[in-house]
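1. Predicted model and sequence below, questions to follow.
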Amino acid sequence: MTTASLEFLNKLPKAELHLHIEGSLEPELLFELSKRNQIDIPFKSVEEVRAAYKFHNLQSFLDIYYQGASVLIHEQDFYDLTMAYLKRCQEDHVVHTEIFFDPQTHTERGIAMKTVIEGISRALKDAEQEWGITSQLILCFLRHLSEEAAIETLEQAKPYLEYIKGVGLDSSELGHPPSKFTNVFKSAKALGLELVAHAGEEGPADYIYEALDILNVSRIDHGVRCIDDDNLVARLIEEQIPLTVCPLSNTALCVYDDMAKHPILSLLEKGVCVTVNADDPAYFGGYMNENFMSLVTSLNLTEAQAKKLAINSFNASFIDDALKQKYIASVEAL
């Protein structure tokens, strides 16, 4: 059993299915945009920004996350943000990405939905032309806001559905169960959109059941609390419901205090369709290959396991079967 090396991981084609584009805002770009847009931020240097990217739980992270998003004003800002992330994809051999964006973070500040979507989408198109990276866009509702606000956001997005593959649910999990958003997910499904939801990160395994049985999602974001319920794990295996797991995020937010305790590889060996993702990489210590390397360092990830995780990422994606098989063949050829 060969332990995966960084050289091997750099060659490994992979898909990223759990990436918040606002969470890829590096301190350097945040500082640059604050100057460009003349937005006051409480930091005098890039170093001060980086020092502020430290937190002890999901809420303390979200506080700085929303503060950072305030520098995103113009279409070009969203383009620059997205292109910076896609450049990292190219470096890490992420050949397909399904990007989350949080329109309410911006529309609540008076930024038009059109500005956000067109900036991100233009970057996605350019990256496909330049590097061959395929991509899709998933609109996330902020769960700490009301379902009425989510319904209004979906309404605002209707003129731009050609750019949007699906909807998701993110932000503060505790106290905001998936069932709170039953109606808006029903409406999104009627529009032909794919459905995913964050569940079972800080919230309990019951939230995973709700996301599956009430929201009817086809993919669970995070989902690591499934380990608290053997029947749920058995169901995830039987139905091959993917979990988009984010190892560095889970340790940064103290879901696990040590990567050596992370269950991702034990779930993989049981047959759960787990995948590796970066979540909010500017804040959580790394992009895709840093997440893979954390599993090498702490859990002795093997080449065979890395290939299985990569194959899972394509099987769990929303791309068509022909492209899936093409990408999977490129993994198997290694």
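-> Nice, I can see it. Not measured: the values here are computed from a predicted model.
2. quick one: least confident helix or strand in this structure?
-> Least confident helix or strand, the chain: helix 58-69 with a mean of 81, by mean pLDDT, DSSP states H and E.
3. Report the buried residues of the helix or strand following that one.
-> Remark: after helix 58-69, the chain's next helix or strand is helix 75-92, criterion DSSP states H and E. Judged by neighbour count using 16 or more other CB atoms under 10 Å, the buried positions of helix 75-92 are 75, 77-86, 88-89, 92. The C-beta positions use only the backbone N, C-alpha and C, and glycine is treated the same way.
4. And stretch 132-151, by the same measure?
-> Neighbour counts over stretch 132-151 (16+ other CB under 10 Å) mark 133-143, 145, 147, 149-151 as buried.
5. In helices only, show me the residues you listed.
-> 147, 149-151 (DSSP state H).
6. okay, these in CSV with pLDDT and distance to F61 next?
-> Formatted as CSV, those follow (pLDDT from 0 to 100; distance: CB to CB, whole Å):
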residue, pLDDT, distance to F61
E147, 98, 24
A149, 98, 21
A150, 98, 21
I151, 98, 27
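7. out of the residues you listed, which one sits closest to F318?
-> Taking CB to CB as the measure, F318 sits nearest to A150 out of these, at 20.6 Å.
8. out of everything not next to it in sequence, what's closest to the closest one?
-> Leaving aside its sequence neighbours, A150 sits nearest to F141 (CB to CB, 6 or more residues apart in numbering; 3.9 Å).
9. wait, what's in contact with the one you found?
-> If a contact means CB atoms under 8 Å, 6 or more residues apart in numbering, then F141 has 104, 149-150, 153-154, 167-170, 181, 184 as its contacts.
10. Please apply the same query to F61.
-> By CB under 8 Å, 6+ apart, the contact list for F61 reads 55, 252-253, 280, 283.
11. now swap in R235 and tell me
-> By CB under 8 Å, 6+ apart, R235 lies in contact with I241.
12. Please flag which of the contacts of F61 sit within helices.
-> Counting by DSSP H, those place 252, 283 in helices.
13. Report the two of the contacts of F61 separated the most.
-> Greatest spatial distance among the contacts of F61 (CB to CB): F55 and D280, at 10.6 Å.
14. Closest to A322 out of the buried residues of stretch 132-151?
-> Distances from A322 to the buried residues of stretch 132-151, taken by CB to CB, are shortest for T134, at 11.9 Å.
15. what about V196, how many neighbours?
-> Using other CB atoms under 10 Å, V196 has 30 other residues around it.
16. That one: what secondary structure?
-> Per DSSP: H, G, I helix; E, B strand; the rest coil, the secondary structure class of V196 is strand.
17. Quick check: beta-bridge partners of it?
-> Taking DSSP bridges as the rule, V196 bridges to R219.
18. Am I right that it is in contact with H222?
-> No. Assessed by CB atoms under 8 Å, V196 is found out of contact with H222, at 10.7 Å.
19. okay, and the common contacts of the two?
-> Common neighbours of V196 and H222, using CB under 8 Å, 6+ apart, are T244.
20. sorry, back to before: for the residue nearest to A150, report the pLDDT, please.
-> For F141, the pLDDT comes out at 98.
21. does it have beta-bridge partners, and which?
-> L169.
22. Could you number the chain from 254 rather than 1 from now on?
-> OK, 254 is where the count begins now, so the last one is F394.
23. How much space separates it from N436?
-> For F394, the distance to N436 equals 11 Å [CB to CB, to the nearest Å].
24. low-scoring stretches of the chain, by residue?
-> Counting by pLDDT under 70, the chain contains no low-confidence range.
25. hmm, 80 instead?
-> Counting by pLDDT under 80, the chain contains low-confidence residues at 307-313, 315.
26. so where do the strands sit in it?
-> Assigned by DSSP state E, the chain shows strands spanning 267-273, 347-354, 387-395, 419-423, 447-452, 472-475, 496-498, 527-529.
27. Could you tell me how many residues sit around the closest residue in space to T497 that isn't next to it in sequence?
-> Spatial nearest neighbour of T497, excluding adjacent residues (CB to CB, 6+ apart): H271 at 3.6 Å. Applying other CB under 10 Å, we find 31 residues neighbouring H271.
28. Same check on D533?
-> By other CB under 10 Å, the residues close to D533 number 26.
29. cool, and V299?
-> Other residues near V299 number 15, with proximity taken as other CB under 10 Å.
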